[in-house]
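>>> below are the sequence and a predicted model; questions follow.
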Amino acid sequence: MPSYANRYISSLTRETYALILAGGRGSRLHELTNWRAKPAVYFGGKHRIIDFPLSNCINSGIRRVGIATQYKSHSLIRHVNRAWGHFKKELGESVEILPASQRYGDEWYCGTADAVFQNMDIIRHELPKYVMILSGDHVYRMDYGALLAKHVETGADMTVCCIEVECEEAANTFGVMTVDKDKRVRRFDEKPAEPSSIPGKEGICLASMGNYVFNTEFLFEQLKQDAEREGSGRDFGHDIIPAIIEEHNVFAFPFRDPSHEGQPYWRDVGTIDSFWEANMELVSPEPQLDLYDPTWPIWTYQEQLPPAKFIFDDEERRGMAVDSTVSGGCIISGSVVRKSLLFSNVHVHSFCEIEGAVLLPGAIVERHCKIRNAIVDRGCHLPEGLVLGFDADEDRKNGFRVSNKGIVLVTREMLVAYSQRKEQEASKLKTA
């Protein structure tokens, strides 16, 4: 028989509706989000970022989920339909796309709170007792059942999920909280330039993860009041939370690793450098984010692909990958790949040297390429002899983006421009 505690939490998850905010552009990822929303960005060999909060919901027992979309959402919607469209409404489960549709006015989603406000009628139809608001653009694994249980235990009107981060990292990026000994939120600053440290932990602050739990009717009341408030930015961090912490019970829920109560894995892969670093962490022998854990699977859409293939075993031409993750459909033909992550259907031709590379689905690397510390976008076809990551000035001259930490980003549009310049240079040499 299930324990009382498990049955109690499962009853809470059944009474919860989760709304994932997935309309963000993710402008700090630059060209990686030119044609896709940040939650649709690829991650970890075969996943997309949206798969993590969705998998957390399903693994936690929350089976009613809405996804609010807005910015360039086609690839996100297509992925969700393919990967998550099999739930049965008649069994009380659903994963639904909620695009901005001007349900309460003439405007699109104007902020995180407005995205929820414009879908109140849809949420109300589900009759949930609790509403969980989740950010759709972070990578982590979390059992939301513990968060819900704590929300009910404290008698909170709202609970804010939080994590400890360095003040330098949080500055201008995260909402920062000050709490009392009972974890009640006493102050909330949205993306402050100089975050306040936790008492006794100089340089460390308590940052909001963008995940909230509300009692449903309380949420609706606050959203209606905010919609009528002159000058509001319609945002949870900037407007809703600061307006309610004085008169209502708003509590913080520190996100902890249940196995050792330490700092858990949580990544905001919002920059080129952090995206590359998070993917590189996965190729280490024992990464903190264990994608091989069968007790907490990260679900996604998978094509039917053949196994990865490594061919040729000559001294000067050996197909091999060391300390790397190689997905289905990949072919490494007579080249050496080290400390890299290859997504599905990547083809590396002979005599290449690749190290520290994140190659997104369908990338093709022609012969004699040398790649180091780079991100190659989906469907890129690297020409023979291309060198990336060895000379930042040369990379910039060739039209590729180089991050603050020297990571090179290559997209199809950049390669088209690069090819045109090479053709023009070759034409000038012929006519000279």
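That came through, no problem. Numbering: from 1, shown residues only.

>>> ok, His368 - contacts?
Phe351, Cys352, Glu384, Gly385 (CB atoms under 8 Å, 6 or more residues apart in numbering). In this view, the C-beta of every residue, glycine as well, is placed from N, C-alpha and C.

>>> what count of nearby residues applies to the second one?
Which is Cys352. 23 (other CB atoms under 10 Å).

>>> distance of the residue lying closest to it once chain neighbours are set aside relative to Ile311?
Nearest residue to Cys352, sequence neighbours excluded (CB to CB, 6 or more residues apart in numbering): Ser335, at 3.8 Å. As for Ser335, its distance to Ile311 is 10 Å (criterion: CB to CB, to the nearest Å).

>>> so for the two, which sits in the more crowded spot?
Ser335 (25 against 13).

>>> residue contacts, the more buried one?
So Ser335 contacts Gly319, Val348, His349, Ser350, Phe351, Cys352, Glu353, Ile354, Val365 (CB under 8 Å, 6+ apart).

>>> doesn't the fifth one lie inside a helix?
Which is Phe351. No. Counting by DSSP: H, G, I helix; E, B strand; the rest coil, Phe351 is not part of a helix but coil.

>>> re the thing from before, so what sits against both of Ser335 and Ile311?
With CB under 8 Å, 6+ apart, Ser335 and Ile311 have common neighbours Gly319.

>>> would you map the helices across the stretch 101-250 of the chain?
112-117, 120-125, 144-154, 167-170, 216-228, 241-244 (DSSP state H, counting those that start in this stretch).

>>> other residues contacting the first one?
Helix 112-117 has contacts (CB under 8 Å, 6+ apart) with 19, 21, 23, 68, 70, 100, 104, 107, 109, 123, 131, 133, 210, 219, 223-224, 226-227, 234-237, 239-240.

>>> only alpha carbons, please: show it as PDB.
What follows is helix 112-117, C-alpha atoms only, in PDB (Å, rounded to 0.1, in the frame of the first residue of the first chain):
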ATOM      1  CA  THR A 112       4.600  37.000 -17.200                       C
ATOM      2  CA  ALA A 113       1.500  37.900 -15.100                       C
ATOM      3  CA  ASP A 114      -0.400  39.000 -18.200                       C
ATOM      4  CA  ALA A 115       0.300  35.600 -19.800                       C
ATOM      5  CA  VAL A 116      -1.500  34.000 -16.900                       C
ATOM      6  CA  PHE A 117      -4.300  36.600 -16.800                       C
END
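
>>> and Ile62, how close does it get to Leu342?
33 Å.

>>> next one: Tyr140
23 Å.

>>> the two: who's more crowded?
Between Tyr140 and Leu342, Leu342 has the larger neighbour count (other CB under 10 Å), namely 30 against 18.

>>> report the beta-bridge partner residues of the more buried one.
Legend: beta-bridge partners of Leu342 under DSSP bridges are Val326, Leu359.

>>> ditto for Gly66
Leu19, Glu96.

>>> so what's it up against?
Tyr17, Ala18, Leu19, Ile20, Val95, Glu96, Ile97, Leu98, Asn119, Ile122, Ile123.

>>> and with 7 Å instead?
Residues in contact with Gly66, defined by CB atoms under 7 Å, 6 or more residues apart in numbering, are Leu19, Glu96, Leu98, Asn119, Ile122.

>>> next one, pLDDT for it please.
Here, the pLDDT recorded for Gly66 equals 96.

>>> going forward, count from 16.
All set: I'll call the first residue 16, so the last point we hit is now Gly81.

>>> quick check: it vs Val95, distance?
11 Å.

>>> ditto for Thr169
Distance from Thr169 to Val95, by CB to CB: 33 Å.

>>> swap in Glu30?
From Glu30 to Val95 the distance is 24 Å (CB to CB).
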